[in-house]
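> Dropping a prediction and its sequence here:
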Amino acid sequence: MSTSVYIETFGCQMNVSDSERAARGLRKAGYELVGSADGADVVLFNTCSVRERAEQRVYNRIGELRKAAPEKFPLIGVMGCVAQLEGDSIFEQSKAVSFIAGTQATDRLSTLIKRAQGGEAAVIDLGERAAGESWDISPVERHSPYVAFVPIIEGCNKFCSFCIVPYSRGRENSRTAREIIDEVQCLKEAGYKEVHLIGQNVNSYRPKSSDGLEGFVGATPFARLLRAVAATGIARLKFTTSFPRDFHPDIVSAIEEFPNLCDWIHLPVQSGSDRILQAMRRGHDSANYLRRIDRIKSSSRRLALTSDVIVGFPGETRDDFEATLKLIEQCRYDSLYIFKYSKRSGTPAAKLPDTLSSEEKTERFLELEELQRSLQRQVYADYVGRTVSVLVERPSTRSAADMTGHSTCNKVVNFEGESNLQGSVVDVLIIEPKSNSLYGRVC
Ligand code: SAM
């Protein structure tokens, strides 16, 4: 009988994609991938370390598993960012963990499981990815039959002072455009409607060769890649996350040229205060960021804009925070992810005194959330009477009569419809704005 493996994923789209890749390798090696930890022989946690709370979740989950099945406890493995950063100290934190796989060991998981099953104690692999390892993922492992994540670049060279990613995921490494285009072509032939090009900083894409980009113009390799991938004719193409300093206006020009390039840009600003942006080592100030926003807002297509903000960075004064509030009012984001600063050991900011108490961070978080909520209400109300194109993903969990999906502008859209619409793209006339979604009817 084959060994059953359950993979539980925390964190960003890169982690979802890594789990898909891990599943592909394990299935190829003869393992059975299952959808629940109950009764699984092996439970593999794919972890996130961006904030302390995310990191703690894996230990909480191991505790829950112990309680749920004390007599048949599975072999536990930890992979991903926490594994890479914490290494063998994880074995001390939790005696239940048998093996650890770093962010670049995804393709060697079956060997690690075999060693742990063979009785070897504290199995660990934090090594680099071997040259030539395939990025291919078969459709069975994809998180959705309609939407696929395609990594184009991994790692990060930016070293923002708060961020752990360069330490957990290593330096930037771009796939060739040829590989990416071939993968998107296969996805299109397999019936996928939407592809997300993903990476910590997609627009920092810099492949070692131009293979696949011949004949495509663009001010940066990423702008050329967008045109080349859009030319495959895949129905909908999204990309995330963009890094402000590398956000060239030609990206907007590419979106204007190709209707299948979706009308949504995620551009994390982190703060509206130049002093804090400098301390964060972002490489952009607010004026520079706003120039990029101007180009997005003046596009001939109406583009949805989303962002990330950190409140309570060390030394953030009331004036700094007010500069953030001001910038948020100026940008009128379609949505905003707000994070309370979380000290990440090993980053430059961790050496700065954490000047705000947890209560003060919460107060700023709530104040910013309230402002965004009121701005977002106006942005969403503006969609009423407009028709958006929606990829129907599943029945709504709120109402049995409704289906739900995402628009090209990345809004959740609900509407009355039958489940046979699942997987199709429909035009929906928006009739009612909700706080984080839109409601409409198929037209
Ligand atoms: N690479 C992107 C960038 O910096 O533009 C985003 C990557 S990060 C995985 C996602 C978000 O997590 C960041 O944009 C930031 O807002 C938040 N984040 C990262 N480190 C954090 C920290 N130490 N404390 C709180 N939030 C953090």
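Here it is on my side, so go on.
> Show residues contacting stretch 249-258.
Residues from elsewhere that reach stretch 249-258 (Cβ atoms under 8 Å, 6 or more residues apart in numbering): 203, 218-220, 222-223, 226-227, 230-231, 237, 242, 261-263, 265, 292, 295-296, 299-301, 303. Glycine gets a C-beta too; all of them are placed from N, C-alpha and C.
> of all the residues in the stretch 101-250 of the chain, which ones are close to the ligand?
Those residues of the stretch 101-250 of the chain that sit near the ligand, judged by Cβ under 6 Å from any ligand atom, are 160, 162-163, 165, 200-201, 241, 243.
> Please save the CA atoms from the worst-scoring helix or strand of the chain on mean pLDDT in CSV.
In the chain, no helix or strand scores lower on mean pLDDT, DSSP states H and E than helix 52-68, which sits at a mean of 87. The C-alpha coordinates for helix 52-68 follow below in CSV (Å, rounded to 0.1, in the frame of the first residue of the first chain):
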residue,chain,number,x,y,z
GLU,A,52,5.6,36.1,13.8
ARG,A,53,2.0,34.9,14.0
ALA,A,54,2.2,33.1,10.7
GLU,A,55,5.3,31.3,12.0
GLN,A,56,3.6,30.3,15.3
ARG,A,57,0.7,28.7,13.4
VAL,A,58,2.7,25.6,12.5
TYR,A,59,3.4,24.7,16.1
ASN,A,60,-0.2,25.3,17.0
ARG,A,61,-1.3,22.9,14.2
ILE,A,62,1.1,20.2,15.3
GLY,A,63,-0.4,20.5,18.8
GLU,A,64,-3.9,20.1,17.4
LEU,A,65,-2.9,17.0,15.5
ARG,A,66,-1.4,15.5,18.6
LYS,A,67,-4.7,16.0,20.4
ALA,A,68,-6.9,14.8,17.5
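> check whether the strand or helix carrying Leu277 contacts the ligand.
Element membership for Leu277, per DSSP states H and E: helix 274-279. No. Under the criterion of Cβ under 6 Å from any ligand atom, helix 274-279 makes no contact with the ligand; the nearest approach is 11.7 Å.
> Can you point out the buried residues in that helix?
274, 276-277, 279 (16 or more other Cβ atoms under 10 Å).
> Can you name the next helix or strand after it?
helix 286-297.
> from the middle of its chain, how far away would the helix or strand just after that following helix be?
Using DSSP H and E, the helix or strand that follows helix 286-297 towards the C-terminus is strand 304-311. Relative to its chain's centre, strand 304-311 lies at 13 Å (Cα atoms, centre = their mean, to the nearest Å).
> and strand 304-311, average pLDDT?
On average, the pLDDT along strand 304-311 is 98.
> tell me what the one helix or strand Ile76 maps to is packed against?
Secondary-structure assignment from DSSP H and E places Ile76 in strand 75-80. Strand 75-80 sits against helix 13-28, strand 42-47, helix 52-68, strand 97-101, helix 109-117, with contacts defined as 3 or more Cβ pairs under 8 Å, 6 or more residues apart in numbering; DSSP states H and E.
> Any buried residues in the longest one, and which?
It refers to helix 52-68. 54-55, 57-59, 61-62, 65.
> Would you mind getting the angle between the least confident helix or strand of the chain and strand 42-47?
160 degrees (axes from the mean of the first three to the mean of the last three Cα atoms, to 10 degrees).
> what angle separates helix 52-68 from strand 97-101?
Using the same axes, to 10 degrees: helix 52-68 against strand 97-101 is 140 degrees.
> which residues touch helix 52-68?
So helix 52-68 is in contact with 8, 10-11, 37-38, 43, 45, 47-49, 73-74, 76, 78, 82, 93-94, 96-97, 342-344, going by Cβ under 8 Å, 6+ apart.
> Only the buried residues of stretch 251-264, if you could.
For stretch 251-264, by 16+ other Cβ under 10 Å, it's 251-255, 258, 260-264.
> got it, and stretch 217-231?
Buried residues in stretch 217-231 (16+ other Cβ under 10 Å): 218, 220-230.
> Closest to the ligand out of the residues you listed?
Phe222 (14.0 Å; Cβ to the nearest ligand atom).
> show me the contacts for that closest one.
202-205, 246, 248, 251.
> So which of those is the closest to Ala400?
Using Cβ to Cβ, Val202 comes nearest to Ala400 of the contacts of Phe222, at 37.8 Å.
> what sits against that closest one?
152-153, 222, 239-242.
> Apply 6 Å and report the result again.
152, 239 (Cβ atoms under 6 Å, 6 or more residues apart in numbering).
> Leu277 versus that one, what's the distance?
21 Å (Cβ to Cβ, to the nearest Å).
> What of Thr47?
Counting by Cβ to Cβ, the gap from Thr47 to Leu277 is 29 Å.
> For the stretch 201-350 of the chain, which segments count as strands?
Shown for the stretch 201-350 of the chain, the strands assigned by DSSP state E, counting those that start in this stretch span residues 236-240, 264-266, 304-311, 335-340.
> want to try TSV for those strands, with distance to Arg318 as columns?
Formatted as TSV, these follow (distance: least, Cβ to Cβ, whole Å):
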stretch	distance to Arg318
strand 236-240	32
strand 264-266	28
strand 304-311	12
strand 335-340	16
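> Tell me which of those lies nearest to Gly25.
Using Cβ to Cβ, the nearest of the strands of the stretch 201-350 of the chain to Gly25 is strand 236-240, at 25.0 Å.
> what's next to the closest one, contact-wise?
Contacts of strand 236-240 (Cβ under 6 Å, 6+ apart): 193-197, 202, 230, 260-262, 266, 408.
> Only the C-alpha atoms, please, for it, written as CSV.
Extracted C-alpha coordinates of strand 236-240, given in CSV (Å, rounded to 0.1, in the frame of the first residue of the first chain):
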residue,chain,number,x,y,z
ARG,A,236,-7.0,36.1,-18.6
LEU,A,237,-3.5,37.0,-17.4
LYS,A,238,-2.9,38.5,-13.9
PHE,A,239,0.5,39.1,-12.2
THR,A,240,1.5,39.7,-8.6
